[in-house]
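Visitor: One predicted model, sequence on top.
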Amino acid sequence: MRHVVLASVLAVFALSAATAVATAADAIPNSVVKILVVQRDVDFVRPWSKGSAQESSGTGVVIAGNRILTNAHVVLYASQIFVQADQTTDRVPAKVKAVAPGIDLAILEVDRPSFFKDHPAIPLADGLPAVKQAVSVYGYPIGGEQISVTQGIISRIEYTKVNYLTSGVRIQIDAALNPGNSGGPAIADGKIAGLVFSKYSAGENIGYLLAADEIRTFLKDVEDGTYDGKPQLWDEVQTAENDALRAKLGMDRETGVIIFRPFDDSPGYPLKKWDVITHIGGEPLDNRGDVKINDSLRLSMEYLVPKKAKDGRVKLTIFRDRKSMEVEVPVQADAGLVIPFLKGTYPRYFVYGPMIFMPASQELAYRLPPQLLMATKNPLLSRAMTRPKFEGEEIVTLGRALLPHKTSKGYGPAPYNVVTQVNGTAVKNMNHLVELLRDAKGEYLTVDVAGSGESLVFRRQEVLDATEDVLADEGIRKQYSDDLERVWHPKK
């Protein structure tokens, strides 16, 4: 079973891997496929290699343009992908054409164009569905080989976090879902109302769909062959429900949300602490930051941002110093954190003697016990949700442990210590670290780490010469990831 790489703020679990079998009169199964994947996950202990191959499965659905729609988490880190249609054992090779890990959507294309002659596209529903609307979920969950169909109703519609800090319209349904349902369509009136992507494991029959509205936005984004992502506001806000708070700001009939931490504190940034956002693109907000969609639905204000944004900016009406004014605020798809998400890529690395250097990632930080990070005063915990302190800042770690070699005698650094200095020079990023090692002079090489970690001192030439022995002993094909070759060998 394949789980989502990073869970959203709720404890939801992916369903890559009810029971009512589709009837012969139902045409939908002909357009729903089983996706079989061989995946090789990240190996943070040995970053020069990939994780062991694991087989998993999910579901996909044929959409317009000879494309198969599924979840990103079904196909991330895939080395092989096959699709298998209903009532056949024929497995057709496929490859990822577009992927959006944040909103958990992906498009596959197959190497056999004739495949789509017998498997027609299912259209997307228009707009947002209604609460209590009935849906039928198609997929290939565990428990059998044939396609299965479960039925339920839409019980809730929200705009909330999906993955990697990306938000989207999430539809809650009460149909039974199991591993393998991921990427399967929820059909209402013959159209795709949403795509299964997770369930709430602590509850009974609480499953989640990505709305057709989100799918349509994704498809439009990738029309040019590149996924740019959904523009978002990254300022931190609080509600304007407290009477004392409203009085302090001079709010009378004004409604909206209050900025308590602007995304950017530079003088030119248009939002300041205590600003009240009252409208987004002319649409009014209530004191919880919700906007009215229709008579029976209110969604978070974040829903409006990508819809109202133009050329990387969105128009806001704010209330500041007891006056209303309009501002244009820059928006971006990524929070620009100093510890980024891998989002389906493999980590960069550099081996120098017994040391393994690797940039920090959110996936790595998420897997480390907080107690360990606190005990060693590792800044991976305190910097997890912060932006770079200077342009190009990158946090570099020392790896899980030193590799066996006589030069590492007596050293036992804590896992993934953050490297701060090499020979007294502060490390700015991974490229800079490699440059410092490349250009080091003198008899000794000293590597300092943050927190309570010990300093490492080596005879420079000895540890440099040891690198080839370590590579051979560990079976490491290359000393560095491909992107670092020109840094280590600038004249090649």
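Guide: Cool, the structure landed.
Visitor: Nearest residue to the middle of this structure?
Guide: Y164 (3.0 Å; CA atoms, centre = their mean).
Visitor: Hmm, A100 and that one touching each other?
Guide: No. Assessed by CB atoms under 8 Å, Y164 is found out of contact with A100, at 9.6 Å. All C-beta spots, glycine's among them, are computed from the backbone N, C-alpha and C.
Visitor: picking that back up, ok, the residue nearest to the centre of the chain to D334 distance?
Guide: 9 Å (CB to CB, to the nearest Å).
Visitor: And K230, by the same measure?
Guide: Applying CB to CB, the value for K230 to D334 is 10 Å.
Visitor: of these two, who's got more company?
Guide: Comparing K230 with D334 by neighbour count (other CB atoms under 10 Å), the higher total belongs to K230, at 25 against 17.
Visitor: Run through the residues that contact the residue lying closest to that one once chain neighbours are set aside.
Guide: Distances taken as CB to CB, 6 or more residues apart in numbering place P306 nearest to K230, at 4.6 Å, with adjacent residues excluded. Counting by CB atoms under 8 Å, 6 or more residues apart in numbering, P306 touches 217, 230-232, 331.
Visitor: what about P306, which SS state?
Guide: helix (DSSP: H, G, I helix; E, B strand; the rest coil).
Visitor: Dump the contacts of P306 to TSV, plus pLDDT, distance to V291 and secondary structure.
Guide: Converted to TSV, these look like this (pLDDT from 0 to 100; distance: CB to CB, whole Å; DSSP: H, G, I helix; E, B strand; the rest coil):
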residue	pLDDT	distance to V291	secondary structure
T217	96	17	helix
K230	95	16	coil
P231	96	16	coil
Q232	96	15	strand
V331	97	16	coil
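Visitor: Give the buried subset of these as a ChimeraX selection command.
Guide: In ChimeraX syntax, the buried subset of those is picked out as below (16 or more other CB atoms under 10 Å):
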select :217,230,231,232,331
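Visitor: Could you point out the longest helix of this structure?
Guide: helix 460-474 (DSSP state H).
Visitor: contacting residues around the helix or strand just after that helix?
Guide: As assigned by DSSP states H and E, the chain's next helix or strand after helix 460-474 is helix 485-488. Identification of contacts with helix 485-488 by CB under 8 Å, 6+ apart yields 350, 431, 434-435, 438, 479-480, 492.
Visitor: and of those, the nearest to K191?
Guide: N431 (49.0 Å; CB to CB).
Visitor: quick check: angle from the helix or strand harbouring that closest one to helix 460-474?
Guide: In the assignment (DSSP H and E), N431 maps to helix 430-438. In terms of direction (axes from the mean of the first three to the mean of the last three CA atoms, to 10 degrees), helix 430-438 departs from helix 460-474 by 120 degrees.
Visitor: What's the first helix or strand after helix 430-438?
Guide: Next along the chain from helix 430-438, counting by DSSP H and E, comes strand 444-449.
Visitor: Mind giving me the packing neighbours of that following strand?
Guide: Counting contacts by 3 or more CB pairs under 8 Å, 6 or more residues apart in numbering; DSSP states H and E, strand 444-449 packs against strand 419-422, strand 456-459, helix 460-474.
Visitor: And the last one, what does it pack against?
Guide: Contact here means 3+ CB pairs under 8 Å, 6+ apart; on that basis helix 460-474 packs against strand 350-352, strand 444-449.
Visitor: Now that helix: buried residues?
Guide: 460, 463-464, 466-467, 470-471, 474.
Visitor: Could you do stretch 228-241 as well?
Guide: Using 16+ other CB under 10 Å as the test for burial, stretch 228-241 gives 229-235, 237, 240.
Visitor: got it, and stretch 145-155?
Guide: In stretch 145-155, residues buried by neighbour count (16+ other CB under 10 Å) are 147-154.
Visitor: Which of those sits closest to E283?
Guide: When those are compared against E283 (criterion: CB to CB), the nearest one is I154, at 23.6 Å.
Visitor: these two touch, right, the closest one and V137?
Guide: No. Between I154 and V137 there is no contact under CB under 8 Å: 11.3 Å.
Visitor: Which neighbours do those two have in common?
Guide: I173.
Visitor: one step back: format the buried residues of stretch 228-241 as a markdown table; extra columns: distance to G410.
Guide: Shown next, in a markdown table, are those (distance: CB to CB, whole Å):
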| residue | distance to G410 |
| --- | --- |
| G229 | 47 |
| K230 | 51 |
| P231 | 52 |
| Q232 | 49 |
| L233 | 51 |
| W234 | 45 |
| D235 | 49 |
| V237 | 51 |
| A240 | 59 |
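Visitor: Make a markdown table out of the buried residues of stretch 145-155 and add pLDDT.
Guide: Below are the buried residues of stretch 145-155 laid out as a markdown table (pLDDT from 0 to 100):
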| residue | pLDDT |
| --- | --- |
| I147 | 96 |
| S148 | 94 |
| V149 | 96 |
| T150 | 96 |
| Q151 | 96 |
| G152 | 96 |
| I153 | 97 |
| I154 | 97 |
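Visitor: want to throw those into JSON lines with secondary structure?
Guide: Putting those into JSON lines (three-state DSSP) gives the following:
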{"residue": "I147", "secondary structure": "coil"}
{"residue": "S148", "secondary structure": "strand"}
{"residue": "V149", "secondary structure": "strand"}
{"residue": "T150", "secondary structure": "strand"}
{"residue": "Q151", "secondary structure": "strand"}
{"residue": "G152", "secondary structure": "strand"}
{"residue": "I153", "secondary structure": "strand"}
{"residue": "I154", "secondary structure": "strand"}
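Visitor: In terms of pLDDT, where does A414 sit?
Guide: With respect to pLDDT, A414 has a value of 94.
Visitor: what's it in contact with, if anything?
Guide: 372, 376, 378, 451-453 are the contacts of A414 under CB under 8 Å, 6+ apart.
Visitor: could you redo the last one with a cut-off of 10 Å?
Guide: By CB atoms under 10 Å, 6 or more residues apart in numbering, the contact set of A414 is 372-373, 375-378, 398, 400-401, 449, 451-454.
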